[in-house]
Structure formats: structure tokens, C-alpha cells
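Undergrad: Please find the sequence and the predicted model below.
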Amino acid sequence: MTTNRTFTMIKPDATEKGNTGGILAMINEAGFRIVAMKMVHLSAAKAGEFYAVHKERPFYGELVEFMSRGPITAAILEKDNAVEDFRTLIGATNPAQAAEGTIRKKYASSIGENAVHGSDSNENAAIEGAFFFSQLEQF
Ligand code: RTP
Ligand code: MG
């Protein structure tokens, strides 16, 4: 099944390095429309809640610390086949394995500090979008 919306975050590493604009340009050039967007600094508790699915993984503590260390840009994106096409645009979790032309190839520094998040299913795209945005904030 395809959907026309996905959810993304530009992670703290990319914010710190001044790559927010470059990443948003790549997102626009790939044909995604931004339907909601805001900059937020997550508390450790909120970052932990967002990534609760990874609670038992060995990298969870590091991930929560990383995602709460500075501001992120959260956004809902619209395009045909959004979830799958956005995962293709961001590239592999580990930038060493990310394809040429992907956001992570260009901007990620490591498997942990990998510049962007992209939802992995239609269901999670809806849940994650609602974590940050009310209906009134989505255009
Ligand atoms: P994301 O959810 O952020 O879009 O990333 P993903 O689907 O490509 O990767 P996932 O397996 O969901 O992992 C979530 C995030 O956890 C960090 N991570 N660190 N040190 C490690 O081995 C490791 N593995 C994953 C990354 O920030 C990854 O994006
Ligand atoms: Mg994931």
C-alpha cells in the first residue's frame, strides 16, 4: 500500500553543522511538499518516547542522548509513495552504505549521527506526525 505522507526529522548533528537548509533543498528537489514544519529541542524523556520501539537495543541510551542534545527540525512531507520514496532519498542508516545522491551520503557522519529520520511505514508516519503536530498545524 502507498500513502502520500511521511514524517521526517533533521537531527541535532545536521542542525549543529548548519545543514538544515541544504537538506530541505534536497527534500524539495526530490518533489516532496512540506505540509508541516517546526524546530524543537526534545527533552531526553520525549526523545525516549519517540524512539521507544528501540528501548531494548544496545544503542538506545546513546540515541536518546544524541536526539536531545540540540534542536531538530520536524516535518510532515507529501508526495506520491512518500514513505518508500523518502527512505530511498535518505539512504542507508549507516552512511558508509548509503548510495550516492542520498541525504545521508552527503550529510551523515556515522551510523548514530546520521542527519535525518524517515518513517518506515504508513502507520508509523501517521503516529510520528501526530507526535509533533496537531491537525490544525498540518496543511
Ligand atoms: P531512523 O528511524 O532515525 O530514520 O533511522 P533508521 O530507520 O534508518 O534506523 P533505525 O534502525 O530505526 O535506528 C534508529 C536510529 O538509531 C540510531 N542507531 N544507532 N549505534 C548504532 O548501531 C545505531 N543503530 C541505529 C541511528 O540514529 C538510527 O537512525
Ligand atoms: Mg527507523
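TA: Yep, it's here. Since the structure is predicted, the reported quantities are computational estimates derived from the model, not experimental observations. Ligands and ions are numbered 1, 2, ... in the order given.

Undergrad: phi, psi of the residue nearest to Asn19 when sequence neighbours are not counted?
TA: With C-beta to C-beta, 6 or more residues apart in numbering as the criterion, Asn19 has its nearest non-adjacent residue at 5.0 Å, and that residue is Tyr107. In this view, the C-beta of every residue, glycine as well, is placed from N, C-alpha and C. Tyr107 adopts backbone torsions of phi -120, psi -10, taken as degrees, to the nearest 10.

Undergrad: Specify the local secondary structure of the most centrally placed residue in the chain.
TA: Central residue of the chain (C-alpha atoms, centre = their mean): His117, 2.3 Å from the mean position. Three-state call for His117 (DSSP: H, G, I helix; E, B strand; the rest coil): strand.

Undergrad: So it is in contact with Thr6, correct?
TA: No - the pair His117 and Thr6 fails to qualify as a contact (C-beta atoms under 8 Å) at a distance of 10.0 Å.

Undergrad: hmm, back to that, what's near enough to touch the residue nearest to Asn19?
TA: Neighbour list for Tyr107: Ala14, Lys17, Asn19, Gly22, Ile23, Ala115, Val116 [criterion: C-beta atoms under 8 Å, 6 or more residues apart in numbering].

Undergrad: Now, of those, which are buried?
TA: Listed as buried from the contacts of Tyr107 are Ala14, Asn19, Gly22, Ile23, Ala115, Val116; burial here means 16 or more other C-beta atoms under 10 Å.

Undergrad: Tell me how far the third one lies from ligand 1.
TA: Gly22 is 18 Å from ligand 1, where distance means C-beta to the nearest ligand atom, to the nearest Å.

Undergrad: With the second one instead?
TA: Asn19 sits at a distance of 15 Å from ligand 1 (criterion: C-beta to the nearest ligand atom).

Undergrad: Over to that residue: give its phi and psi.
TA: Per degrees, to the nearest 10, the backbone of Asn19 is at phi -100, psi 10.
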